[in-house]
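K.L.:
missing the sequence, but the structure's below:
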């Protein structure tokens, strides 16, 4: 029973294409996140949604558009892919309003832009 | 503003010897601190967390960390390394402002375990 799942696991695509990554959590959490891990393994937050509402947007290019159809899902759509978008993208979730509560991460989506 | 500094990008130990991964933090708030582990080509797994209760925190797989406010440190230790501990380790600080909890990651320490 996967708590936070992401599809696809691997994504290889050409520059200029548009692609989506999906995330689902079955933990009943209110808050979900997208993180980007670059080639040097550095992890940085991109977005956060709480109850389908965007609450964190870390100056990510507007080619990246998150969408939360419901509390359990947070998808990431990327337009006009660039070489620099190649990275591992992690989805995470946590219950809101609880101090220090753990964020649970998905397995990651490895995106390679050629 | 908050930040985390992992003092070593790479640590190599022999199997059966102690592990020490160092982390210093900076936070405007009373922080929550975490250690996450990432095995090759895998996701992130929580090892342990500190949230203002006991300063010595025990985690999974024999790891523990001690929160030292005076030194702004949260070093990760294990008495005896195992080959399966080889992985990337991230020290993380949490920002509690507002509804969201934003995690700020350190740059990671790669732990190598040799025979």
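P.N.:
In hand now; what should we look at? Keep in mind that what you see is a predicted model, and the values were worked out from it rather than measured.
K.L.:
Write out the residues of chain B neighbouring chain A.
P.N.:
When proximity is defined as Cβ under 8 Å from any Cβ of the partner chain, chain B approaches chain A at B:32, B:34, B:36, B:38, B:41-46, B:49-52, B:88, B:90, B:94, B:96, B:98-105, B:107-108. All C-beta spots, glycine's among them, are computed from the backbone N, C-alpha and C.
K.L.:
Let's see that with 10 Å instead.
P.N.:
When proximity is defined as Cβ under 10 Å from any Cβ of the partner chain, chain B approaches chain A at B:9, B:29-34, B:36, B:38, B:41-46, B:48-53, B:88, B:90, B:92, B:94-96, B:98-110.
K.L.:
Just the ones of those in strands?
P.N.:
The strands, defined by DSSP state E, take in B:32-34, B:36, B:38, B:44-46, B:48-50, B:88, B:90, B:92, B:94-95, B:102-105, B:109-110 from the residues of chain B next to chain A.
K.L.:
Which residue lies nearest the spatial centre of chain A?
P.N.:
residue A:34 (3.0 Å; Cα atoms, centre = their mean).
K.L.:
Same question for chain B.
P.N.:
Compute the mean C-alpha point of chain B, and by Cα atoms, centre = their mean the closest residue is residue B:35, 3.2 Å away.
K.L.:
List the beta-bridge partners for that one.
P.N.:
Beta bridges link residue B:35 to residue B:48, residue B:91, judged by DSSP bridges.
K.L.:
Now do the contacts for it.
P.N.:
By Cβ atoms under 10 Å, 6 or more residues apart in numbering or on different chains, the residues touching residue B:35 are B:21, B:23, B:45-50, B:57, B:59, B:63-65, B:74-76, B:89-92, B:106, B:109.
K.L.:
which residues does residue A:68 contact?
P.N.:
Contacts of residue A:68 (Cβ under 10 Å, 6+ apart): A:23, A:32, A:47, A:49, A:50, A:51, A:52, A:53, A:54, A:74, A:75.
K.L.:
The fourth one in helix, strand or coil?
P.N.:
Put plainly, it is residue A:49. Per DSSP: H, G, I helix; E, B strand; the rest coil, the local secondary structure of residue A:49 is strand.
K.L.:
Check what pLDDT it gets.
P.N.:
With respect to pLDDT, residue A:49 has a value of 88.
K.L.:
Near it, how many other residues are there?
P.N.:
22 (other Cβ atoms under 10 Å in any protein chain shown).
K.L.:
Relative to chain B, how far out is it?
P.N.:
Residue A:49 sits 9 Å away from chain B, going by Cβ to the nearest Cβ, to the nearest Å.
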